[in-house]
Structure formats: structure tokens, C-alpha cells
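> Everything below, folded, please.
(2 chains)
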2 protein chains.
Amino acid sequence: MRKGQKTRLEIIRKAAPIFNQRGYDGAALSALMKATGLEKGGIYRHFDSKQQLAAEAFDYAWQETLGARIRDLDAIPNALDRLKQFVANFADRRGAIPGGCPLLNTAIDTDDGNFVLRERARNALHEWRNYLISMIVGGIEARDIRPGVGARKLATLIISSLEGALMVCRLERSGDPLRAVQAHLTSYLETEVRRPA
Amino acid sequence: MRKGQKTRLEIIRKAAPIFNQRGYDGAALSALMKATGLEKGGIYRHFDSKQQLAAEAFDYAWQETLGARIRDLDAIPNALDRLKQFVANFADRRGAIPGGCPLLNTAIDTDDGNFVLRERARNALHEWRNYLISMIVGGIEARDIRPGVGARKLATLIISSLEGALMVCRLERSGDPLRAVQAHLTSYLETEVRRPA
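Alright, predicted model coming up:
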């Protein structure tokens, strides 16, 4: 990696927690300069605008977050067990990037403007949903999951209830809401989604 | 109502959509001045600080939002039917305040700072959860709801999945995620929560 590329990646890494914790408007240049140890010119030599830096920081934060949530899942042969473990991972693994889920934060932060960043959040949602849909469709083919299950609806249910519970957890500073939602989803997956042997 | 009180309430009403759409940091003085038709001094004669104005605007927005979600519920005698209608109201009724759910927005906006506003969001969550818990506990006493149902867990599940689905709906500009979650919750309430006759 060339030195310029390395510096660029380092700026993205240092900026990601700031955007994730403070939002787009709240991420002040002074905080970005302090975190990176660079002057304004040193940062913006590598990015056209704050919006471009924020978009790259979002993509980085999202890959770290999704990566933590799906790590080790491939080793689980049954698709229904894999879905349950995905839910457990979400509840157990706090993201590598401080400030909560980048998708939730950025979706809320940009939902009345900032189209570039909003598009990144939408892509992240689609990537996550397609990942779950593939798992569910594969599970139907492998006879782990009942044939009548709607893959897109189930993926949407899992994403919605986990993200909403995360919001409540962070507001309450308690893990209980995610535990309650995990228990509900796990029981639902076992009784209504797993294909009986 | 005295003239000063009336002006104060008018400022809160006009400021509420701005804070709800743009967040605390994004709500610029210029936008507040434009919406209220007042100069800075005219606004801050009535409030100690931006934080105080934001807190009052949040409380106003929340009361409007919760009010829309629970309107007409009292006329429904059976508590399980009332819970189902609450879920339907959430899915059907877009808030009176543009910008989505003030609780969701403010929880995300303040979760790494802004303790005054955060406390208001926490109170709003508690008010909402206690409302649902009362409905569920009353339903158990009235034999509309199974005795073993955990009121707090069920309230948390409903709040989490609706709020998460609202986030996805707003990101997608589609009502489908809320419809999917409504269908899931309704079916769950019917089969696992309603007390069989």
C-alpha cells in the first residue's frame, strides 16, 4: 500500500467513531483533526468534502459491524441454527466502532437530507437483508426451513426487531431489551420457521 | 393564556419539526428564526438555552405522537384487541410532527451526549412502556390475556419491533417493513397472548 493510501485509510478509521457517535452535523472538524493528528489540509488532501469522508467512514464502520455479526456463522451447517446464531451474535457482540449500529445511526441522521450518506445506509441495509434472504432461501432448499416461509418478510422482521431493541438498550443502558427480543425471535424461529424433521 | 405563554407555545410548536427532522446539532438558529418569524432575542427571551428549547420541543412532539398512536383505543373493551389496534395505529398513523418518531430520533441523536434531551427521551420511553404494561396487566386481570404473559417483555417487544421497522420504512421510503412487523405481532398476539375463551 502506498503511503497516501495508508494515510487515507488511517483517517477513515479514526473518523469512523466520531461520525458514528456524533452524527454528520455533530462531527466537528476540530474533533476530526484531534483524532487524526492532522491539520484540515492534511485531511482534505485525501477527500473532496466532509460528505465524502463521512461516506467512506460509514462504509468502513458498517463492514466492521456486519463482519462482527456474521463471523463464524459459516461453520454452522443448519440454516435455522445459523439464523439463531446470527440473532445471538447481534445481541452479544458490541460493534468494533463505538456509538452503536452505524446503519441505525446513519438512517436516522440522514432521513431528512444528506442523500450521499443516505444512499450508503440504504446499500448497507440491502447488503444485510440480502445476506439473510440468501440464508433463508438456502435453508428452504436444504429442508432446514419450512417451504412456506417468506424470506424477505422474515429478514425484515429480524432486522427491524433487533435494531429497535438496540435503540431501546442504548437509551436504557441495559441489555434486557435485546435479550427479550432475542428470546422472542429464537422461539419464533424454532416453532414457526424450522422445518420439522 | 397570557401573551408571553402563547408566544412561548408557538415557538415550541414551530421548533418541534425542525429539531425532529434535523436533530439537535442540525437545528440551526437561522431555521428556528425563519420558522418562528422571530429574531434570536425574541426566541431566547422565552428559553434559557437551545437545550431547553429542544427539550420542550421534544416533549411537545412526543405528546402529539403518542396521542395519535393511542387515540380511540379506550373505546375497545378487550385488552388484546386494544393491543392489536395500537400496533395497527402505529403502522397507519404518521405522526403529526414531520421527521419520523421523536423518540427514535432523539434516542439516536443524544446517545453519546446531551443528557438533558436524553433524559426526556428516556421519560418518553418509560411513559409509553408503562402505558402498554398497564394495558397488558389489566388484560390479564380481565382474562383477555393469558396469565403467564410477561407484561414488560411484551411491551418491550412491541416497542422495539415497531420502532426498528419504522427506521427501515423511512430508509426505504416504503410501508412494507411496518406491514410485515404488524402482521407478525398481530399473529403472535392472537396465538400466544390472547387467552383462549
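> which element follows the longest helix seen in chain A toward the C-terminus?
Secondary structure of chain A per DSSP state H: the longest helix is helix A:115-141. Moving toward the C-terminus from helix A:115-141, the first helix or strand encountered (DSSP states H and E) is helix A:151-172.
> Give the other helices and strands that the helix or strand following that following helix contacts.
Past helix A:151-172, further along toward the C-terminus, the next helix or strand under DSSP H and E is helix A:176-188. Under the contact definition 3 or more CB pairs under 8 Å, 6 or more residues apart in numbering or on different chains; DSSP states H and E, helix A:176-188 sits against helix A:79-92, helix A:151-172, helix B:151-172, helix B:176-188. In short, each C-beta sits where N, CA and C put it, glycine included.
> residues near the residue of chain A found nearest chain B, how many?
Going by CB to the nearest CB, chain B is nearest to residue A:164 of chain A, at 2.7 Å. Neighbour count for residue A:164, taken as other CB atoms under 10 Å in any protein chain shown: 29.
> how close does it sit to residue A:181?
8 Å (CB to CB, to the nearest Å).
> so what sits against both of those two?
B:160, B:161 (CB atoms under 8 Å, 6 or more residues apart in numbering or on different chains).
> neighbours of residue A:45, just the number please.
13.
> For it, give me the pLDDT.
Here, the pLDDT recorded for residue A:45 equals 95.
> Next: residue A:153.
Model confidence at residue A:153 (pLDDT) stands at 97.
> Leaving out the residues flanking it, which one is nearest to it?
With sequence-adjacent residues excluded and distances taken as CB to CB, 6 or more residues apart in numbering or on different chains, residue A:153 is closest to residue B:180, at 4.5 Å.
> Over to residue A:103?
residue A:124 is the one closest to residue A:103 (CB to CB, 6+ apart), at 5.0 Å.
> Residue A:65 too?
residue A:95 (4.5 Å).
> Quick check, the one you found in contact with residue A:67.
No: using CB atoms under 8 Å, residue A:95 makes no contact with residue A:67, being 9.6 Å away.
> okay, these two: which has more neighbours?
Remark: of residue A:95 and residue A:67, residue A:95 carries more neighbours, 21 against 11, as counted by other CB under 10 Å.
> how close does the closest residue to residue A:39 other than its chain neighbours get to residue A:53?
Among residues not flanking residue A:39 along the chain, residue A:33 sits closest, at 6.4 Å (CB to CB, 6+ apart). Here the criterion is CB to CB. By it, residue A:33 lies 12 Å from residue A:53.
> overlap in contacts of these two?
residue A:43.
> And the two? Which one has more around it.
Neighbour tally, residue A:33 and residue A:53, criterion other CB under 10 Å: the higher count belongs to residue A:53, 22 against 14.
> Double-check the more buried one against residue A:16; I have them as touching.
No: with contact defined as CB under 8 Å, residue A:53 does not reach residue A:16; the gap is 9.8 Å.
> Residue A:114 reaches residue A:51, doesn't it?
Yes: Residue A:114 lies in contact with residue A:51 (CB under 8 Å); the separation is 7.1 Å.
> and these two? which has more neighbours close in?
Comparing residue A:114 with residue A:51 by neighbour count (other CB under 10 Å), the higher total belongs to residue A:114, at 20 against 14.
> so where is chain A shaky, pLDDT-wise?
For chain A, no stretch has pLDDT under 70.
> rewinding a little: skipping its backbone neighbours, what lies nearest the residue of chain A closest to chain B in space?
Closest to residue A:164 by CB to CB, 6+ apart is residue B:164, at 2.7 Å.
> Go ahead and confirm that neighbour touches residue A:159.
Yes: using CB under 8 Å, residue B:164 is in contact with residue A:159, at 7.1 Å.
> before we move on, back to that, can you pull the phi and psi angles for the residue nearest to residue A:65?
Phi and psi for residue A:95, reported as degrees, to the nearest 10, are phi -60, psi 160.
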